[in-house]
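> my questions are about this predicted structure, shown below with the sequence.
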Amino acid sequence: MPWSALVCSETPPATAIVVRIALPEDPGPPHDARSLDATWLDATWLDDAERDRLGGFVRALDARRYARAHRGLRAVVGRFAGIAPQAVAWRTGPHGKPALANDAAHGLEFNLSHSGSWALAAVARAPVGIDVERLRPIDRLDRLAERWCTAAERARLAALDGAEREAHFLACWTAKEALLKAIGCGLAGDAQSIETPPPTEPGRFVPIAAPAALSSAPWQVAWFAPDSRHVAALACPPTIERVLLADWHGDG
């Protein structure tokens, strides 16, 4: 699926938009986040809570990536909600899912995930959850699979080796986390009871069932790749029929 410049400011009907936000690769001087100031971090538009969070990072690279991801999220949400990025105000649900505090009529839903070189912001006029993971070697994968995967998922993993096996596990994981985030419970939900379908070609929705205790609504998931080093999944209801992929280049 191709990524294109973000040019629209309205969500088309039955469409989710996933926006790719490039994160810094090099921390730059200094390497200790506690020595950074908000100007160098480009913390423009961030609120007091987000700036406080910046103060908790030790590594400069982590602080820069957080600032960039949240600045990008504000730009994207503000664009589709029709408000200035610095005017975007958040509220959170009981399990931490963010929503617009100043959204009385827009009906805009969004979600954010970041890993490695990318942050992804999903927006739609329906509940959405997104997760992205950097492809990487995974220590004790068997133990993680026993903890988080169903028997069918473990059987699929057992038929694979090496990097292919690790990539398949991360595809399963992104689908589980995206679904739990779409529902609004995050990892407080029961990821192990979610049976993920085998990953399909990028952008094609397939059904995925939520645990009955969390949601009786129908859900679907689609996978795609920000680049060759990452895998991502988007979860949403079947009222969403297509996904548009766009890039945020640092403007409003």
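Right, received. Where do you want to start?

> where does this protein have its least confident helix or strand?
In the chain, the helix or strand scored least confidently by mean pLDDT, DSSP states H and E is helix 38-41, which has a mean of 56.

> could you export the helix or strand just after that helix as PDB, CA atoms only?
Counting by DSSP states H and E, the element after helix 38-41 in chain order, helix or strand, is helix 48-54. Provided in PDB are the C-alpha atoms of helix 48-54 (Å, rounded to 0.1, in the frame of the first residue of the first chain):
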ATOM      1  CA  ASP A  48       1.600  20.700  30.600                       C
ATOM      2  CA  ALA A  49       1.000  16.900  31.200                       C
ATOM      3  CA  GLU A  50       2.900  16.100  28.000                       C
ATOM      4  CA  ARG A  51       5.800  18.400  29.000                       C
ATOM      5  CA  ASP A  52       5.900  16.700  32.500                       C
ATOM      6  CA  ARG A  53       6.100  13.400  30.800                       C
ATOM      7  CA  LEU A  54       9.100  14.600  28.800                       C
END
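
> what's the next secondary structure element after helix 48-54?
Downstream of helix 48-54, the first helix or strand assigned by DSSP H and E is helix 60-81.

> average model confidence for the next helix or strand after that following helix?
Sequence-wise, the next helix or strand downstream of helix 60-81 (DSSP H and E) is strand 90-92. Strand 90-92 shows a mean pLDDT of 86.

> got the buried residues for strand 90-92?
Of the residues in strand 90-92, Trp90 count as buried by neighbour count, 16 or more other CB atoms under 10 Å. For the C-beta atoms, the positions are set from N, CA and C on the backbone; glycine is no exception.

> pull the distance from the helix or strand just after that strand to the chain's centre.
Scanning forward in sequence from strand 90-92 by DSSP H and E, the next helix or strand is strand 98-100. Chain-centre distance of strand 98-100: 14 Å, with CA atoms, centre = their mean, to the nearest Å.
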